[in-house]
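Q: Sequence and computational prediction follow.
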Amino acid sequence: MSDPKTSRPQTPIKFGTLGGVFTPCTLTILGVIMFLRFGQVVGQSGIWHTLMIVLAAKAITTLTGLSLSAIATNTRVKGGGAYYLISRSLGMEFGGAIGVVFFFAQAISVSMYVVGFTEAFTDAFPSLGASQVLISSVVNFAVFVCVFIGAGWTIKVQYAILAILGLSIAAIVAGAVPMLDTEVFRNNMAPAYRDGESFFTMFALFFPAVTGIMAGANMSGDLKDPAKSIPRGTLGAIVATAVIYLGLALLLAASEPRESLIGNNLIVKDISLSAWLVTAGIFAATLSSALGSMMGSPRILQAFARDRVFTVLNPLAVGSGPANEPRRATVLTFLIAQACIMLGDLNAIAPVITMAFMITYGTLNLATFYEAVTKNPSYRPRFRFCHWSLSLIGAGGCLAVMFLIAPLWAVISIIAMAGLHWLIGYREVQSRWGDMKSGLLFERSRKNLIRLETQMYHPKNWRPIVLALSGAGWTRPHIPMYGHWLTAGHGILMLGQVIPGELEGRMQRRRQQEELLFNFIQDQELQAFPIVVVAPKLADGIESLVQCHGLGALRPNTVMLGWPNAPEKAEAFGATLRTLDQLGQSIVAVKFKDDAPDPREVPAGTIDVWWRGKDNGPLMLLLAHLLSKNDPWRSKTIRLIRVVPNEAARAEVRQHLEQLLESSRIRATPMVIVLDNPASAIHDTSQDAAVVFLGLICPEQGEEGLFYDSLDALTTDLDRVIFVHSAGDMSLET
């Protein structure tokens, strides 16, 4: 029997606010710039401008921290940090692009921090004479081993590093206090920028010092309570480091003259009570940042791989040990960092890293803004101290900082993000979670529907909202196809089907038919919506569809149906036409020969519109125009045709047709045919037309048979006829 102690599953190590969020954030923020470049910022900017720079930079990261806190308390946070939060809000395209960019940025950052450590190490121990590449490689491997062992070991190492960093800051304060001089402080109040420098260049130099607020969020999968730890730890680190930077700015300005601050990059070492403690602090800052990036980067890649965005990354989704450590992704991170170390000059890569961080922060603010402004019911963050306006300001601030730091790299980064966004969207990656895109579309649609409902309707703005009675789709494919052509890009098409019978016992069939109709729409690549109803009779079902389907102003205004294929159906057909007319619907009745070619294939010939007056003519002409706007029909000529009984009327009627086309701005060729027999004119003129539009007058009760026989005989030799009856709610005139 197995030992129950050994067979018991191990509990993954989870971290709290201090170890999992506050410590990595603080160590990443208090980095090399504080030790090596902050004196130059104070010396050139003066105390007032320095305080403004620190506060402005902290304002942006604070706004981002508020957005991060809101998102983190609105969803169950898993591994992946910024990638997970953004992808679950803005969707896979944004989240995937951020995942790729942020992973590479943090992987490359490891090499930068390692090189920074190496420079400080060789300065402290010049007698060693070792190659910088060799030292960097050894340090990179040591960082990799710490992270590969597991996050628990790394967190313990970071506690020691935090203690060393605290001692080094205490040594700087202890050494600076005895040197405080009011005269020096007064001289350093105003800015004194050197040639080529300004407030903005100093801001750009300092700003990377306050990045790193995502270091804790990157550990989201290893936290006991991410929703609690991320807000507290991140905002706590922002406040604590703000106090340190503001205090250090005052100490530097009051203890050293401007020339020393600008000319000596290691001024903090000179004023410190212990130079060795400052050196140790620089070591701690660089190593902690390298450890934080080496920990965070693989976790982003692992979460990204688990979402199966790119199949080539699937092996990296595998975790190791009870804590599900991303060791495969850690190896890849180490190799990327080592490759950058071997390349040598990393100054050219630094702007890319900064841009990646800023894009991530800006996108996170944007996600929070959209979640709030769309009033998504699922957006219920427990963190209440974030408003959509603050998130919008944060996003704008991140964008402004990008262009302030490096305009060229900002443009390149935005283009790269757009390319990744397009690539993921092109691959049609389907997310398995709800994101804000549907909420944004819903809110926009809701507001637009309300505006359409309240704004005065004008007939010249008429658009076809067509309810096509298409059956199951495949039975009469020419109806949905021509309905698609008449509405694509200009209106709305709904494919309706009526199942005769009682509702009880037919719900399963209704669901199946609606699914079949949906599949037909997808297979034929139509822009349409399926709708299936059950009704005792066909006429009842049509009435229900017309009266009840739609929302607000987006209700059907045109019904498309097929011409009956037998005289015995004429009575029911005529009754349906009268009902639709009473309901205020325009009617489009499609009559195709049984031997007509595939409806998707556009036949040869013209588009003929037979004008008989303004009752149905304007709608026929508009529908012919909409048909010609489709790519397969663009080469077709629209002919506007009218029959007159004698030659004397030809010139006047032709002038009327020309004026009509000019006022309606529709390109068509007017034709006037002199003939006593209109039926013969239609037969002779349109026999080879691609499609013929004819007006339709609903039959009186009892005259359905005569109505059917006359129109059937009129069009017996025509392959494709579209009868049109207008409800009179549209106009071609401006």
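A: Noted; the coordinates are in hand. Numbering: from 1, shown residues only.
Q: where's the closest residue to residue 251 other than its chain neighbours relative to residue 258, distance?
A: The spatially closest residue to residue 251, leaving aside those adjacent along the chain, is residue 176, at 4.3 Å (CB to CB, 6 or more residues apart in numbering). C-betas here are computed from N, CA, C, even on glycine. Residue 176 sits 16 Å away from residue 258, going by CB to CB, to the nearest Å.
Q: just residue 16 next, same as before
A: Residue 16 is 44 Å from residue 258, by CB to CB.
Q: pLDDT below threshold where in the stretch 251-400 of the chain?
A: 323, 344-351, 374-380 (pLDDT under 70).
Q: And the helices in it?
A: Applying DSSP state H, counting those that start in this stretch to the stretch 251-400 of the chain gives helices spanning 258-263, 267-271, 275-306, 327-343, 350-373, 388-405.
Q: hmm, who's touching the last one?
A: Meaning helix 388-405. Helix 388-405 is contacted from outside by 59-60, 63-64, 66-67, 70, 200, 203-204, 207, 351, 354-355, 358-359, 361-363, 365-366, 368-369, 372-373, 409-410, 413, using CB atoms under 8 Å, 6 or more residues apart in numbering.
Q: Is it possible to mark the buried ones in those?
A: Buried subset of the contacts of helix 388-405 (neighbour count, 16 or more other CB atoms under 10 Å): 60, 63-64, 66-67, 70, 203-204, 207, 351, 354-355, 358-359, 361-363, 365-366, 368-369, 372-373, 409-410, 413.
Q: on that earlier part again, and the residue nearest to residue 251, what is it in contact with?
A: Residue 176 sits in contact with 251, 252, 254, 255, 271, 272, where contact means CB under 8 Å, 6+ apart.
Q: Identify the farthest-apart pair in those.
A: 254 and 272 (15.3 Å; CB to CB).
Q: Comparing these two, which shows the higher neighbour count?
A: Comparing residue 254 with residue 272 by other CB atoms under 10 Å, the one with more neighbours is residue 272, at 23 against 19.
Q: For residue 732, see how far away that one is.
A: As judged by CB to CB, residue 272 and residue 732 stand 84 Å apart.
Q: for residue 343, same thing?
A: Per CB to CB, residue 343 is found 67 Å from residue 732.
Q: Looking at these two now, which is surrounded by more residues?
A: Under the neighbour definition other CB under 10 Å, residue 343 and residue 732 were set side by side, and residue 732 has more, 20 against 12.
Q: For this structure, which segments count as strands?
A: 465-469, 492-500, 529-535, 558-562, 586-592, 607-610, 638-644, 669-674, 691-695, 720-725 (DSSP state E).
Q: helices or strands up against the shortest one?
A: Contacts defined by 3 or more CB pairs under 8 Å, 6 or more residues apart in numbering; DSSP states H and E place strand 607-610 against helix 617-628, strand 638-644, helix 678-686, strand 691-695.
Q: which secondary structure elements does the shortest one contact?
A: Just to be clear, that refers to strand 691-695. Strand 691-695 sits against strand 607-610, helix 617-628, helix 678-686, strand 720-725, with contacts defined as 3+ CB pairs under 8 Å, 6+ apart.
Q: Can you give me the neighbour number for residue 331?
A: Counted by other CB under 10 Å, the residues lying close to residue 331 total 14.
Q: rewinding a little: compile the contacts of residue 176 into TSV and extend it with columns for distance to residue 329.
A: Below are the contacts of residue 176 laid out as TSV (distance: CB to CB, whole Å):
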residue	distance to residue 329
251	42
252	40
254	47
255	45
271	42
272	39
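Q: which one of those residues sits closest to residue 145?
A: After measuring the contacts of residue 176 against residue 145 - CB to CB - the closest member comes out as residue 272, at 31.2 Å.
Q: now that closest one: how far from residue 179?
A: From residue 272 to residue 179 the distance is 11 Å (CB to CB).
Q: Report the contact partners of residue 653.
A: Residue 653 touches 642, 644, 672, counting by CB under 8 Å, 6+ apart.
Q: As JSON lines, those with distance to residue 697 and neighbour count would be great.
A: Conversion of those to JSON lines gives the following (distance: CB to CB, whole Å; neighbours: other CB atoms under 10 Å):
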{"residue": "642", "distance to residue 697": "17", "neighbour count": "22"}
{"residue": "644", "distance to residue 697": "20", "neighbour count": "19"}
{"residue": "672", "distance to residue 697": "23", "neighbour count": "20"}
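Q: okay, who's weakest in these by pLDDT?
A: pLDDT across these is lowest for residue 644, at 92.
Q: Go ahead and confirm that residue touches residue 671.
A: No. With contact defined as CB atoms under 8 Å, residue 644 does not count as touching residue 671 (10.9 Å).
Q: Can you verify my assumption that residue 387 contacts residue 372?
A: Yes. Using CB under 8 Å, residue 387 makes contact with residue 372 at a distance of 7.2 Å.
Q: Need the overlap of contacts for those two.
A: Residues touching both residue 387 and residue 372 by CB under 8 Å, 6+ apart: none at all.
Q: got the contact list for the residue nearest to residue 550 when sequence neighbours are not counted?
A: Distances taken as CB to CB, 6+ apart place residue 556 nearest to residue 550, at 6.0 Å, with adjacent residues excluded. Listed by CB under 8 Å, 6+ apart, the contact set of residue 556 reads 465, 466, 467, 494, 545, 546, 549, 550, 585.
Q: and the least confident of these?
A: Among these, residue 550 has the lowest pLDDT, at 79.
Q: That one against residue 465, yeah?
A: Yes. Residue 550 lies in contact with residue 465 (CB under 8 Å); the separation is 7.3 Å.
Q: shared neighbours of those two, anything?
A: With contacts taken as CB under 8 Å, 6+ apart, residue 550 and residue 465 have 494, 556 as neighbours in common.
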